[in-house]
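J.: need a structure here:
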Amino acid sequence: MLGKYDGVKRLSKDVIGKGFHFSSEAYDVLGKDMELKLEPLIRKAEEYAQREGRTEILPGDVVKSINFNAGQKSPRILIAHVTAGAGHQRAAEAIAKAFQNLYPTANVKLVDTLDYINSVYKKVYSTSYLALVKHSPRLWGYIYDRYDKDEKIDDKFRQSMENLQASDFRDLLDDFSPDAVICTHFLPMELISRWKKKRKSSLPLYTVVTDFALHAFWIVEEVNAYFVASQEVARELETRGAGVKSIYQTGIPVDPIFSTLPLQSEMRDKLGISRELPTVLLMGGGYGVGDLTSLVRSFRSVSLDMQLLVVAGRNEQLQEELSQIATSLQITCRVYGFVNNVHELMRASDLVISKPGGLSTSEALAAQCPMMIINPIPGQEQRNSDYLLENGAACILHNIADGAYYVENLLRDQERLGYMTQQARKTGRKDAAMEIARRVVELGQLEI
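T.: Below is the predicted model of the structure:
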């Protein structure tokens, strides 16, 4: 018959030094002490499991319990995005950085959901979006509108989620055992919603809408709170049946570094460009999508002295082509590839010329820089464009080949440009990521 502390004896024999042994009373003392220390660990682990509606205690529950009882209150935050375009990822990274700044003890895990699903679907999903946007934007706009307006098509899409073979993602949820999940894309939202219903879980699920307009895909069951860019998006969630009471108008999250940008003149000094010349930033997005070559070429005929900053993104061929065009201009023109200091380039500029993606738009506004919109993709970018124009923080450029003419006219019209700058400052939300992090801690009653 096994004694009460036989397990302790076996463990002790593996640890005790050579030449030493325990008396039977010493085993009893050690066993009772371990029992006392083990009980609060188990009770706290049970509490974490109970929050999720589980009776099985998982490794993540034990780890959190050990940390809690050791005085390390480090909540586990899962931030899930998708790398279809760069915006969803940048928003997720901004929130992760906000947690790092505000709650350095928090255990934050940033994941690309595509890494945890069927590899074939991942390849199709990640390549098809960019291909459509680049080569068939009207077709993308048609698909965007159909899925937004036709409930039957939307239902079929959601049913297709069953075929993603997302067991690895479900395993991630079990193993990491998060205290809260934040999604910046609808795909992880859908997967977690299904996981919550199947497990009858109360895991807090928070959604960050990364555009200035709402699409039906963002309306998912089991969401505890939404963080949105504007009052209009909040209104759409309410009227389209999202069924969530907690909707916060925080703005789209940008890197917290936007909150600490210096004066424009100081930033120009740092970049080594003229303090005095009007400065225009031209951006083609992270993948260099957009007709930047025609736009830059149009500046051959400009008569106003200015300086251009041109970002080609990850498209090396485009960068080389733009660099060649830049040598033919009579004005200063710097060409960059992919950059990590977009906040500096925007702050140094008087005008940003760019496609109106949700994140690039939010970054420009946070840098207090008005926009000239080019080539909005039918769908979400067109709606973002409408929002900017309605709020007076942007104008739109239809004739890219003659872009320099319109840029020069705007730069000469200081009253109009000043108004646009004022509206950009008014519309921008540079602290959105920090506010979202604080709200998640508050709403989830996280122990920090």
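J.: what ranges do the helices span in the stretch 1-150 of the chain?
T.: 6-15, 24-51, 59-69, 87-102, 119-135, 137-149 (DSSP state H, counting those that start in this stretch).
J.: kindly compare burial across the ones you listed and name the winner.
T.: Most buried of those by mean neighbour count (mean count of other C-beta atoms under 10 Å) is helix 87-102; its value is a mean of 22. Placement of C-beta: from N, CA and C, glycine included.
J.: which helices and strands sit right next to it?
T.: Here helix 87-102 touches strand 76-81, strand 107-112, helix 358-366, helix 432-443, going by 3 or more C-beta pairs under 8 Å, 6 or more residues apart in numbering; DSSP states H and E.
J.: list the strands paired with the second one, with their directions.
T.: Paired neighbours of strand 107-112 in the sheet (DSSP bridges): strand 76-81 (parallel).
J.: may I have the strand it pairs with as PDB, with CA atoms only?
T.: The C-alpha coordinates for strand 76-81 follow below in PDB (Å, rounded to 0.1, in the frame of the first residue of the first chain):
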ATOM      1  CA  ARG A  76      -1.600  36.600 -21.200                       C
ATOM      2  CA  ILE A  77      -2.800  38.700 -24.100                       C
ATOM      3  CA  LEU A  78      -3.100  37.100 -27.600                       C
ATOM      4  CA  ILE A  79      -3.200  39.600 -30.500                       C
ATOM      5  CA  ALA A  80      -4.200  37.900 -33.700                       C
ATOM      6  CA  HIS A  81      -3.800  39.500 -37.200                       C
END
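J.: average pLDDT across that strand?
T.: Computed over strand 76-81, the mean pLDDT rounds to 95.
J.: and it, how far from the chain's centre?
T.: 10 Å (C-alpha atoms, centre = their mean, to the nearest Å).
J.: what angle separates it from helix 432-443?
T.: Inter-element angle recorded for strand 76-81 and helix 432-443: 140 degrees (by axes from the mean of the first three to the mean of the last three C-alpha atoms, to 10 degrees).
J.: now do the SS call for T207.
T.: Going by DSSP: H, G, I helix; E, B strand; the rest coil, the secondary structure assigned to T207 is strand.
J.: how many neighbours does it have?
T.: 27 (other C-beta atoms under 10 Å).
J.: go on, the one 10 residues further on?
T.: By the measure other C-beta under 10 Å, the count of residues near F217 is 17.
J.: C183 is in contact with that one, correct?
T.: No. Applying C-beta atoms under 8 Å, one finds F217 not in contact with C183, separated by 11.5 Å.
J.: got JSON lines for the helices of the stretch 1-150 of the chain, with mean pLDDT and distance to D171 too?
T.: JSON lines is the format used below for the helices of the stretch 1-150 of the chain (pLDDT from 0 to 100; distance: least, C-beta to C-beta, whole Å):
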{"stretch": "helix 6-15", "mean pLDDT": "69", "distance to D171": "29"}
{"stretch": "helix 24-51", "mean pLDDT": "79", "distance to D171": "17"}
{"stretch": "helix 59-69", "mean pLDDT": "76", "distance to D171": "11"}
{"stretch": "helix 87-102", "mean pLDDT": "94", "distance to D171": "20"}
{"stretch": "helix 119-135", "mean pLDDT": "67", "distance to D171": "16"}
{"stretch": "helix 137-149", "mean pLDDT": "71", "distance to D171": "29"}
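J.: so for R439, which of the ones you listed sits nearest?
T.: helix 87-102 (10.7 Å; C-beta to C-beta).
J.: give me the contact list for the closest one.
T.: The contact list for helix 87-102 (C-beta atoms under 8 Å, 6 or more residues apart in numbering) reads 77, 79-83, 106, 108, 110, 112, 182, 184-185, 208, 210, 252-256, 357-360, 432-434, 436-438.
J.: ok, stretch 395-411 next?
T.: With contacts defined as C-beta under 8 Å, 6+ apart, stretch 395-411 is touched by 278, 280, 291, 294-295, 297-304, 306, 350-351, 353, 370-376, 385, 389, 416-417, 420.
J.: just the buried residues of these.
T.: Among the contacts of stretch 395-411, those classed as buried by 16 or more other C-beta atoms under 10 Å are 278, 280, 295, 297-299, 302, 306, 350-351, 353, 370-376, 385, 417, 420.
J.: counting only strands, which of these make the cut?
T.: 280, 351, 353, 371-373 (DSSP state E).
J.: narrow the contacts of helix 87-102 to just the buried residues.
T.: Counted by 16+ other C-beta under 10 Å, the contacts of helix 87-102 give 77, 79-83, 106, 108, 110, 112, 182, 184-185, 208, 210, 252-256, 357-360, 432-434, 436-438 as buried.
J.: once you drop chain neighbours, what's closest to the spatially most central residue of the chain?
T.: By C-alpha atoms, centre = their mean, the chain has its centre lying nearest to A91, at 2.0 Å. Leaving aside its sequence neighbours, A91 sits nearest to T184 (C-beta to C-beta, 6 or more residues apart in numbering; 4.3 Å).
J.: per-residue pLDDT, that neighbour?
T.: pLDDT, T184: 96.
J.: quick revisit: could you dump the helices and strands packed on helix 87-102 to CSV with distance to F227?
T.: What follows is the helices and strands packed on helix 87-102, written out as CSV (distance: least, C-beta to C-beta, whole Å):
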stretch, distance to F227
strand 76-81, 12
strand 107-112, 16
helix 358-366, 12
helix 432-443, 5
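J.: returning to what we had before: for D145, state which of the ones in strands among the buried ones among the contacts of stretch 395-411 is nearest.
T.: Out of these, the member with the shortest distance to D145 (by C-beta to C-beta) is I373, at 19.6 Å.
J.: which residues touch the residue nearest to A91?
T.: 79-81, 88-89, 91-92, 95, 208, 210, 253.
J.: domain parsing of this protein, as residue ranges.
T.: 6-69, 76-256+432-443, 264-427 (automatic domain parsing).
J.: pick out the shakiest of those domains, pLDDT-wise.
T.: When I compare the domains of the chain, domain 6-69 is least confident, with a mean of 76.
J.: how much space between T113 and A92?
T.: 10 Å (C-beta to C-beta, to the nearest Å).
J.: and what of D175?
T.: 20 Å.
J.: next one: V29
T.: The value you get for V29 to A92, if C-beta to C-beta is used, is 50 Å.
J.: okay, and I182 sits in which element?
T.: strand 180-183 (DSSP states H and E).
J.: pairing partners for that strand, with directions?
T.: Assessed with DSSP bridges, strand 180-183 is paired to strand 76-81 (parallel), strand 205-208 (parallel).
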